[in-house]
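>>> The sequence isn't on hand, but the structure is:
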């Protein structure tokens, strides 16, 4: 198939395919008249790249999966280098989840402190001799 058909079937652009080719992730064969020629293996390879990118993998992180497919493995994630990339990505995600959990806890503490300080849900603060809290425009 030619580049336009491959791009359409893979759900991407010809520009992206040329970029992948320039990065060595996609190898085009040339027909006698110079057109790029691709087959179903190339389509499978592109689908693997796109799936990994949808999962948050950088383009360069897809290389071991591409190499695995090119080596004839039916799945791009069955080679040791691909498994190593999966492990690194899981470690990265675990770190991000941990940092997000820390930030969430800090925001929850800030909210609780702000609510306690302003007496949120307990009135305006006027009955205890303190001046009323400033009126926020967003709360009416």
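Cool, got the structure. Note that the coordinates shown come from a computational prediction; the quantities given were computed from them, not determined experimentally.

>>> how about the residue most central in space within the chain, what does it touch?
What sits nearest the mean C-alpha location of the chain, by CA atoms, centre = their mean, is residue 56, with 2.4 Å. By CB atoms under 8 Å, 6 or more residues apart in numbering, the residues touching residue 56 are 89, 93. Every residue, glycine included, has its C-beta placed from N, CA and C.

>>> Quick one: low-confidence residue ranges for the chain.
Low-confidence segments of the chain (pLDDT under 70): 120-136, 138-140.

>>> Quick one: residues contacting residue 42.
Per CB under 8 Å, 6+ apart, neighbours of residue 42: 6, 26.

>>> Just to check, residue 37 is in contact with residue 1?
Yes. Using CB atoms under 8 Å, residue 37 is in contact with residue 1, at 7.3 Å.

>>> Could you give the separation of the helix ranked longest in the chain from the chain centroid?
In the chain, with assignment by DSSP state H, the single longest helix is helix 80-118. With CA atoms, centre = their mean, to the nearest Å as the basis, helix 80-118 stands 16 Å off its chain's centre.

>>> before we move on, what about stretch 26-45?
From the chain centre to the centre of stretch 26-45 is a distance of 28 Å (CA atoms, centre = their mean).

>>> and that stretch, how far apart are its ends?
Terminal residues of stretch 26-45 are spaced 8 Å apart (CA to CA, to the nearest Å).

>>> Flag every buried residue along it.
Going by neighbour count (16 or more other CB atoms under 10 Å), the buried part of stretch 26-45 is 26, 28, 36, 38, 42, 45.

>>> gap between the fifth one and residue 9?
If I follow you right, that is residue 42. Relative to residue 9, residue 42 is positioned 10 Å away (CB to CB, to the nearest Å).

>>> again with the first one
Using CB to CB, one gets 14 Å for the distance from residue 26 to residue 9.

>>> same thing with the third one?
Residue 36 sits 14 Å away from residue 9, going by CB to CB.

>>> again with the fourth one
For residue 38, the distance to residue 9 under the criterion CB to CB works out to 9 Å.

>>> what's the overlap in contacts for those two?
Joint contacts of residue 38 and residue 9 (CB under 8 Å, 6+ apart) are residue 1.
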